[in-house]
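J.: Build me a model:
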Amino acid sequence: MVSARTFSGKATKVLFVLSLVFFLASVCRAQDTSQSSTASSNEEVGTSTDLFVMLGSDFIRPGLAAKVNYNIGIGHTFGFLKKDPIGDELTFAYTYEDAGSGFWHSQFGSHTESVGVMKNFGVPKTKWISGYTWVQVGISNFTGNTQVQNHLYDGESLGAVVHLNPHNSIWIQETINKIVTAPWYTTTSIGHTRSW
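T.: Predicted coordinates:
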């Protein structure tokens, strides 16, 4: 059994390396724009990297017990995937949820590292609101017991994006979560995203 600290440490390193790769790729692409062809620039339209921080509340079923839910992650939209029906943005995220009796925090926690694919789509007749679907899979670590318990996580989200300007937006989403050994639950979240 892998300890939560070791697993979270490895996940943090992976998230850092992937963030660095996405950042360097975008810098290299920006330096090479004068040499790119028209076809390539059309393919890259809408390509961006998103850093998101979302705060929300879980509603555990049955009983609708409310629990805090914090989510931070990074995603990168690939221009060549724009027509892909499954998704055009790959994401990596970390989520903390209180798994104890309180709302904000207790000795029992659920720490989830996940990868996902997001499909962004426009809303007709408006340019400042868009929508997305997001499917994630990962590992949830339950801490606070004598042994850390690792379980498979699955989440499906539907959300709306309010674009404040080209680099800042507000995300609002509803997620159905399932961890293999726990009841399904929903999460309502709102957060800020910085895109570049």
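J.: Thr95 - how many residues pack around it?
T.: 26 (other CB atoms under 10 Å). For glycine as for every other residue, the C-beta is placed from the backbone atoms N, C-alpha and C.
J.: Oh, that last question was meant for Asn69, not what I typed.
T.: 23.
J.: That one and Tyr94 touch, don't they?
T.: No - Asn69 is beyond contact range of Tyr94, at 11.7 Å (criterion: CB atoms under 8 Å).
J.: in the protein, which helix or strand is least confident?
T.: helix 38-43 (a mean of 40; mean pLDDT, DSSP states H and E).
J.: pLDDT averaged over the following helix or strand past that one, what's the number?
T.: Using DSSP states H and E, the helix or strand that follows helix 38-43 towards the C-terminus is strand 49-60. Computed over strand 49-60, the mean pLDDT rounds to 85.
J.: I'd like to know which elements strand 49-60 is packed against.
T.: helix 4-31, strand 65-77, strand 89-98, strand 168-179, strand 185-195 (3 or more CB pairs under 8 Å, 6 or more residues apart in numbering; DSSP states H and E).
J.: Flag whichever of these has the least confidence on average.
T.: Minimum mean pLDDT among those: helix 4-31, a mean of 52.
J.: Start and end of stretch 173-192, how far apart?
T.: 12 Å (CA to CA, to the nearest Å).
J.: Okay, angle between the longest strand anywhere in the chain and strand 168-179 too, please.
T.: Longest strand in the chain, counting residues (DSSP state E): strand 149-165. Here the directions of strand 149-165 and strand 168-179 differ by 160 degrees (axes from the mean of the first three to the mean of the last three CA atoms, to 10 degrees).
J.: If you compare the directions of strand 149-165 and strand 185-195, what angle comes out?
T.: Put simply, strand 149-165 runs at 50 degrees to strand 185-195, going by the same axes, to 10 degrees.
J.: Am I right that Thr186 is in contact with Gly56?
T.: No - counting by CB under 8 Å, Gly56 is not a contact partner of Thr186; they are 9.8 Å apart.
J.: okay, the two: which has more neighbours?
T.: Gly56 (22 against 15).
J.: what sits against that one?
T.: Val68, Asn69, Tyr70, Asn71, Gln173, Thr187, Thr188, Ser189, Ile190, Gly191 (CB atoms under 8 Å, 6 or more residues apart in numbering).
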